[in-house]
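Novice: sequence and computational prediction follow.
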Amino acid sequence: MAAISKNVHFIAIGGSAMHNLAIALSRKGMRVTGSDDEIFEPSKSRLTKQGILPNTIGWNSENINEYIDAVILGMHAREDNPELLKAKELNIPIFSYPEYLYEQSKDKKRVVIGGSHGKTTITSMLLHVINAVGMNVDYMVGAQLEGYDCMVKITDEAEVMILEGDEYLSSPIDRRPKFHLYNPHVAIISGIAWDHINVFPTFENYVEQFENFCKVIEKGGTFIYNTEDTEVNKLGENYNDSLNTIPYNTPQYDVTADGTLLHFGGELYALKIFGGHNLQNLIGAMRLGESIGISNSDFLTAMSSFTGAGKRLQKVAESKGFSMFKDFAHSPSKLKATTKAVKEQFIARRVVACMELHTFSSLNKEFLPQYKNAMNAADEAVVYFSPDVVKHKKLEPITAEQVSDGFGGNVRVLTDTNGILAFIRAQNWSNAVLLMMSSGNFDGIDYDKLGDELKS
């Protein structure tokens with residue numbers, strides 16, 4: 001497939017997704033330039049290594065000229081960005097991140113992974129197996145995975161493009177959810193649990209985005225859906241006549257000392273991952289593998305060496321009788337699934353689960369009741385939030401009492417990082433598990449350092 005442009009400029013090149021795409025296009029042989037008003041690690045080092053780090057920080061309309069074939073606009077930029085205004089003035093084609101990914105995959109078979117949670121895990125499982133069987137595909141993953149130095153790959157040779165499908169907005173001037181722009185030939189929805197309430201103010205409005213996602217699946221395409229999720233199952237039933245629908249659910253399995261024994265097709269497969277939610281995601285990923293020619297047997301055999309996606313139930317530290325995990329969980333459904341999975345795996349150990357309210361939705365007092373009983377599987381549950389972060393996000397202040405009530409009153413609520421560390425250090429970690437769950441880091445906790453301290 002011929003590239004749609006040779007000279008591409010990124011407005012807000014430092015973003016986690018944007019810098020990966022910039023690197024991928026540079027590796028493809030395109031001339032890439034960019035700008036941003038702030039660039040942090042690891043984006044800065046990665047852009048430097050590729051030779052495309054902007055020489056100066058800030059926006060400058062002189063960066064835009066008639067030699068640029070396309071501008072890619074990141075969410076971090078504003079509508080009045082001087083470079084964006086100059087690009088419009090010169091009639092240079094302007095793309096959002098997902099729009100450009102679609103343009104680069106028009107002639108490929110597009111496989112899109114959607115869902116409120118589980119997207120990165122399913123995508124990483126699929127890519128793990130693809131690598132194991134030696135298949136060449138292009139891809140875009142929304143999180144950093146172990147063994148990859150760039151989470152976007154775009155080539156002319158690959159016939160398949162694997163895309164993690166985010167339901168958040170595409171750009172400051174394109175309010176469509178990203179996954180509406182990919183037009184998949186094969187799509188999966190792993191689950192629907194209300195999120196991004198600053199954009200989708202009601203649950204019904206949020207569910208509608210997944211309905212619209214189903215509508216953009218290519219005619220005669222394949223829709224893989226989780227029957228154990230009520231809203232997803234409804235979509236599967238609604239599109240049964242117009243699409244090739246493939247249902248999936250949690251398989252039969254046994255908990256083992258070092259993972260899981262999966263029962264499938266009359267065979268047993270030893271896995272290093274654990275938890276019903278993880279195994280449900282595995283079956284969804286396996287169905288995706290089927291759609292691109294990977295047999296169930298080959299898929300499950302290759303999964304024996306999969307240890308998990310980055311920050312998704314990732315082991316931080318371990319010693320005799322003690323384990324520490326970190327997880328990206330922040331939504332109520334993922335919180336519940338992750339806590340349950342850890343307790344199920346370590347049934348004889350005391351499980352202490354610590355969770356940080358960090359996202360816009362989680363820090364909104366109207367959303368807090370969605371967390372009711374989300375951490376009940378833990379033997380002790382702690383919820384942390386920073387009043388400063390609430391203020392920074394321009395949200396109405398919340399109290400420890402409101403958070404406690406939202407979770408059902410069975411959690412300890414702390415509002416100071418030192419308080420979290422003091423609580424953790426005061427515990428007896430003999431025959432115990434520590435689970436740290438957040439899309440942040442509890443305002444500065446070094447997980448590796450803490451893990452080393454606790455296991456010693």
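Specialist: Happy to help now that I have it.

Novice: nearest spatial neighbour of the one residue sitting closest to the centre of the chain, chain-adjacent residues omitted?
Specialist: Central residue of the chain (CA atoms, centre = their mean): residue 120, 4.4 Å from the mean position. Once flanking residues are discounted, residue 120 sits nearest to residue 143: 4.6 Å by CB to CB, 6 or more residues apart in numbering. C-beta: built from backbone N, CA, C; applies to glycine.

Novice: list of residues touching whichever strand or helix holds the residue nearest to the centre of the chain?
Specialist: Assessed by DSSP states H and E, residue 120 sits inside helix 119-133. Contacts of helix 119-133 with the rest of the structure, by CB atoms under 8 Å, 6 or more residues apart in numbering, involve 111, 113, 115, 137, 139, 141-143, 145, 162, 164-166, 188, 190, 278, 281-282, 284-285, 288-289, 292, 294, 298-299, 302-303, 305-306, 308-310, 312, 328.

Novice: residues in contact with residue 66?
Specialist: Here residue 66 is in contact with 90, 92 (CB under 8 Å, 6+ apart).

Novice: returning to that earlier point: what sits against the residue nearest to residue 120?
Specialist: 120, 151, 309, 310, 311, 328.

Novice: can you add pLDDT and give the residues you listed back as CSV?
Specialist: Putting the contacts of residue 143 into CSV (pLDDT from 0 to 100) gives the following:
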residue, pLDDT
120, 91
151, 94
309, 78
310, 69
311, 71
328, 88
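
Novice: about what we covered before: which of the contacts of helix 119-133 fall in helices?
Specialist: With DSSP state H as the criterion, helices contain 278, 281, 282, 284, 285, 288, 289, 298, 299, 302 from among the contacts of helix 119-133.

Novice: mind checking which of those residues are buried?
Specialist: 278, 281, 282, 284, 285, 288, 289, 299, 302 (16 or more other CB atoms under 10 Å).

Novice: skipping its backbone neighbours, what lies nearest residue 34 in space?
Specialist: Nearest to residue 34 is residue 13, by CB to CB, 6+ apart, at 2.9 Å.

Novice: OK, contacts around that neighbour?
Specialist: Counting by CB under 8 Å, 6+ apart, the residues that residue 13 touches are 19, 22, 34, 35, 36, 39, 43, 47, 52, 54, 74.

Novice: against residue 68, how distant is it?
Specialist: Noted for residue 13: a distance of 13 Å to residue 68, by CB to CB, to the nearest Å.

Novice: so where do the helices sit in the stretch 301-450 of the chain?
Specialist: 332-345, 387-392, 400-406, 417-425, 447-455 (DSSP state H, counting those that start in this stretch).

Novice: and the ones you listed, which is most packed in?
Specialist: Burial of the helices of the stretch 301-450 of the chain is given as mean neighbour count (mean count of other CB atoms under 10 Å); helix 332-345 ranks first at a mean of 23.

Novice: contacts for that helix next, please.
Specialist: With CB under 8 Å, 6+ apart as the test, helix 332-345 has contacts from 116-118, 191, 193, 255, 274-278, 313, 325, 327-329, 351, 353, 355, 370-379, 381, 433, 435, 437.

Novice: what do you get for stretch 412-422?
Specialist: 354, 380-387, 400-401, 403-404, 423, 442-445, 450.

Novice: quick check: residue 272 touching residue 259?
Specialist: Yes. Counting by CB atoms under 8 Å, residue 259 is a contact partner of residue 272 at 4.5 Å.

Novice: before we move on, back to that, out of the contacts of residue 143, which is nearest to residue 80?
Specialist: residue 151 (29.9 Å; CB to CB).

Novice: might one say that that closest one is in contact with residue 163?
Specialist: No. Using CB under 8 Å as the test, residue 151 is too far from residue 163 to be in contact (11.4 Å).

Novice: overlap in contacts of these two?
Specialist: 139, 140.

Novice: these two: who's more crowded?
Specialist: A count of neighbours by other CB atoms under 10 Å puts residue 163 above the other of residue 151 and residue 163, at 28 against 24.

Novice: touching, the more buried one and residue 137? I think so.
Specialist: No. At 10.5 Å, residue 163 does not count as touching residue 137 under the criterion of CB under 8 Å.

Novice: low-confidence regions, the stretch 1-150 of the chain specifically.
Specialist: 1-5 (pLDDT under 70).

Novice: change it to 80
Specialist: Flagging of the stretch 1-150 of the chain using pLDDT under 80 yields the residue ranges 1-5, 143-144, 146.

Novice: what do you get for the stretch 251-400 of the chain?
Specialist: Using pLDDT under 80, the stretch 251-400 of the chain drops low at 309-311.

Novice: in the stretch 1-150 of the chain, which spans are strands?
Specialist: For the stretch 1-150 of the chain, the strands defined by DSSP state E, counting those that start in this stretch cover 7-11, 31-35, 70-73, 94-96, 109-114, 138-140.

Novice: tell me which of these lies nearest to residue 247.
Specialist: Comparing those by CB to CB, strand 109-114 comes nearest, at 15.6 Å.

Novice: identify all contacting residues around the closest one.
Specialist: 102, 119, 122-123, 126, 159-165, 167, 179, 182-190, 210, 213, 288, 291-292.

Novice: then stretch 439-447?
Specialist: 316, 324, 326, 328, 330, 354, 356, 358-359, 384, 386, 389, 417, 420-421, 436.

Novice: give me that answer again for 7 Å
Specialist: 316, 326, 328, 330, 356, 358-359, 384, 386, 417, 420-421, 436 (CB atoms under 7 Å, 6 or more residues apart in numbering).

Novice: how about stretch 363-374?
Specialist: So stretch 363-374 is contacted by 194, 197, 332, 335-336, 357, 361, 385, 389-390, 393, 395-396, 398, 402-403, 406-408 (CB under 7 Å, 6+ apart).

Novice: try it again at 6 Å.
Specialist: 197, 332, 335-336, 357, 361, 390, 395, 398, 402, 406-408 (CB atoms under 6 Å, 6 or more residues apart in numbering).

Novice: tabulate the contacts of residue 143 in CSV, adding columns for distance to residue 250.
Specialist: Listed next are the contacts of residue 143 as CSV, based on distance: CB to CB, whole Å:
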residue, distance to residue 250
120, 19
151, 28
309, 18
310, 23
311, 22
328, 20
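
Novice: could you identify the most distant pair in these?
Specialist: 151 and 328 (14.7 Å).

Novice: coming back round to it: make TSV out of the helices of the stretch 301-450 of the chain and add distance to residue 244.
Specialist: TSV is the format used below for the helices of the stretch 301-450 of the chain (distance: least, CB to CB, whole Å):
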stretch	distance to residue 244
helix 332-345	27
helix 387-392	44
helix 400-406	41
helix 417-425	48
helix 447-455	43
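
Novice: which one of these lies closest to residue 91?
Specialist: Of these, the one closest to residue 91 (CB to CB) turns out to be helix 387-392, at 37.9 Å.
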